[in-house]
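*Asks:* following is a predicted model, sequence given first.
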Amino acid sequence: MFRNIEFKSQGAILRGRLYLLENKSKKSPVVIMAHGFTTTINGMTADKYAERFREEGFAVILYDHRNFGISDGEPRQEINFWIQSRGYIDCIDFVTTQPEIDTSKVAVWGASLSAREAFLVGSVDERVKAIINQIPAYGDDFPTEDKDSKLYSFAKETVLTDKILDLPHTITRQMPIVSSDQIGTPSALSEITAYRWFIEYGGRYGTNWKNIVSFSNTEIPSKFHIGQCSEHLKAPILMVVANNDEMEGSSNEVTNRIFKMIKKPKELIEVDGGHFGLLHYPSSIFDKSSQVQVDFLNKYFK
């Protein structure tokens with residue numbers, strides 16, 4: 001169903017899977033996928049979305065972010081939003097060299113934190129022709145107006161620089177991703193739904209998921225917000241949003257405000273089940289979420 005692949009990003013080797021169609025008589029549209037907050041590509045549901053896209057006639061690259069899972073990078077389990085976003089762009093560089101791929105039909109897909117990363121990439125890379133944001137984590141504050149586009153220019157220059165690792169940044173200490181005891185052992189994610197999903201899916205054999213995380217926070221202008229990239233998107237976008245998303249950083253009100261700011265063709269689909277509902281497989285919510293995503297891809301790529 002797939003072959004193992006690797007490509008370079010900011011000096012590290014990122015690894016993943018290239019899902020290809022059995023019929024190779026013509027080149028295939030491709031969906032580039034990276035997991036959300038700390039999750040990995042084996043058994044944590046992103047792979048089920050990849051399989052569904054392949055079944056419907058799309059090639060897929062699904063890879064682990066730098067410092068996570070089967071990808072290289074140090075320190076292990078450390079997140080940097082800008083470096084992870086750059087991984088998408090470096091993956092596009094890689095996939096456009098693959099003879100089976102129609103390079104005029106490239107989509108980027110992200111869930112939760114990686115939805116925000118795919119959103120950024122979709123605003124700076126002209127090669128992106130479709131964007132899927134699933135349960136996006138755009139933050140809990142509304143974006144301010146970016147009248148002169150200086151804040152967007154900052155974002156574009158930062159993600160495209162080859163010196164992201166050298167930019168001024170702060171590093172946090174390591175802590176659990178989830179915990180059942182928020183008084184004795186506070187964790188990065190405090191919601192009980194997060195604890196239940198990560199322990200159930202991340203705890204499965206072979207996922208390579210570890211319940212620990214730290215953050216490398218690149219210095220940004222005080223008023224920067226990912227929503228300021230809305231007017232600069234290069235492609236149509238689909239947002240699959242959880243009703244009453246319970247997770248900190250995934251405000252429905254902020255998502256709706258950003259959706260209204262987008263000038264490209266756009267669709268917003270609401271699903272039940274909270275932030276993690278469409279990450280349960282098999283389930284009726286997964287079926288609904290995956291179907292609307294397939295319909296969106298067919299609309300622009302078939």
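*Replies:* Alright, I've got the coordinates.

*Asks:* now the strands for this structure?
*Replies:* 2-9, 12-19, 28-34, 59-63, 78-79, 101-111, 128-134, 169-171, 214-218, 237-242, 266-271 (DSSP state E).

*Asks:* mean pLDDT for those - can I get that in CSV?
*Replies:* Putting the strands of the chain into CSV (pLDDT from 0 to 100) gives the following:
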stretch, mean pLDDT
strand 2-9, 98
strand 12-19, 98
strand 28-34, 98
strand 59-63, 98
strand 78-79, 98
strand 101-111, 98
strand 128-134, 98
strand 169-171, 98
strand 214-218, 98
strand 237-242, 98
strand 266-271, 98
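
*Asks:* for E145, which of the ones you listed is the nearest?
*Replies:* Distance to E145, taken as C-beta to C-beta, is lowest for strand 266-271 among these, at 19.6 Å. Every residue, glycine included, has its C-beta placed from N, CA and C.

*Asks:* touching the closest one from outside, list them.
*Replies:* Residues outside strand 266-271 that contact it (C-beta atoms under 8 Å, 6 or more residues apart in numbering) are 236-243, 255-256, 259, 277-278, 285, 288-289, 292, 296.

*Asks:* if we go to 6 Å?
*Replies:* Residues outside strand 266-271 that contact it (C-beta atoms under 6 Å, 6 or more residues apart in numbering): 237-241, 243, 259, 278, 285, 288-289, 292.

*Asks:* which of these count as buried?
*Replies:* 237-241, 259, 278, 285, 288-289, 292 (16 or more other C-beta atoms under 10 Å).

*Asks:* which sections of the stretch 101-250 of the chain are below the confidence cut-off?
*Replies:* Within the stretch 101-250 of the chain, no range satisfies pLDDT under 70.

*Asks:* could you pull out the helices for it?
*Replies:* Assigned by DSSP state H, counting those that start in this stretch, the stretch 101-250 of the chain shows helices spanning 113-124, 150-160, 192-197.

*Asks:* okay, the ones you listed, which one's buried deepest?
*Replies:* Comparing the helices of the stretch 101-250 of the chain by mean neighbour count (mean count of other C-beta atoms under 10 Å), helix 113-124 ranks first with a mean of 26.

*Asks:* tell me what that one is packed against?
*Replies:* helix 81-95, strand 101-111, strand 128-134 (3 or more C-beta pairs under 6 Å, 6 or more residues apart in numbering; DSSP states H and E).

*Asks:* of the ones you listed, flag the one that's most buried.
*Replies:* Mean neighbour counts for those (mean count of other C-beta under 10 Å) peak at strand 128-134, with a mean of 25.

*Asks:* and the angle for that strand with helix 113-124?
*Replies:* Strand 128-134 and helix 113-124 are oriented at 160 degrees to each other (axes from the mean of the first three to the mean of the last three C-alpha atoms, to 10 degrees).

*Asks:* counting contacts, what elements does strand 128-134 pack onto?
*Replies:* Against strand 128-134 (3+ C-beta pairs under 6 Å, 6+ apart) you get strand 101-111, helix 113-124, strand 237-242.

*Asks:* any idea how far the most far-flung residue of the chain relative to its centre is from P176?
*Replies:* The outermost residue of the chain relative to its centre, with distances by C-alpha atoms, centre = their mean, is G184 at 31.1 Å. Distance from G184 to P176, counting by C-beta to C-beta, to the nearest Å: 11 Å.

*Asks:* before we move on, what about D295?
*Replies:* If you go by C-beta to C-beta, the gap between D295 and P176 works out to 38 Å.

*Asks:* between the two, tell me which one has more neighbours.
*Replies:* Ranked by neighbour count (other C-beta atoms under 10 Å), D295 and P176 place P176 first, with 18 against 13.

*Asks:* got the helices of the stretch 101-250 of the chain as JSON lines, with distance to A46 columns?
*Replies:* Output for the helices of the stretch 101-250 of the chain, formatted as JSON lines (distance: least, C-beta to C-beta, whole Å):
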{"stretch": "helix 113-124", "distance to A46": "9"}
{"stretch": "helix 150-160", "distance to A46": "22"}
{"stretch": "helix 192-197", "distance to A46": "13"}
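
*Asks:* nearest to P136, of those helices?
*Replies:* The nearest among the helices of the stretch 101-250 of the chain, by C-beta to C-beta, is helix 113-124 at 3.8 Å.

*Asks:* hmm, who's touching that closest one?
*Replies:* Contacts of helix 113-124 (C-beta under 6 Å, 6+ apart): 34, 36-37, 84-85, 88-89, 108, 110, 128, 131, 133-134, 136-138, 156, 226, 229, 232-235.
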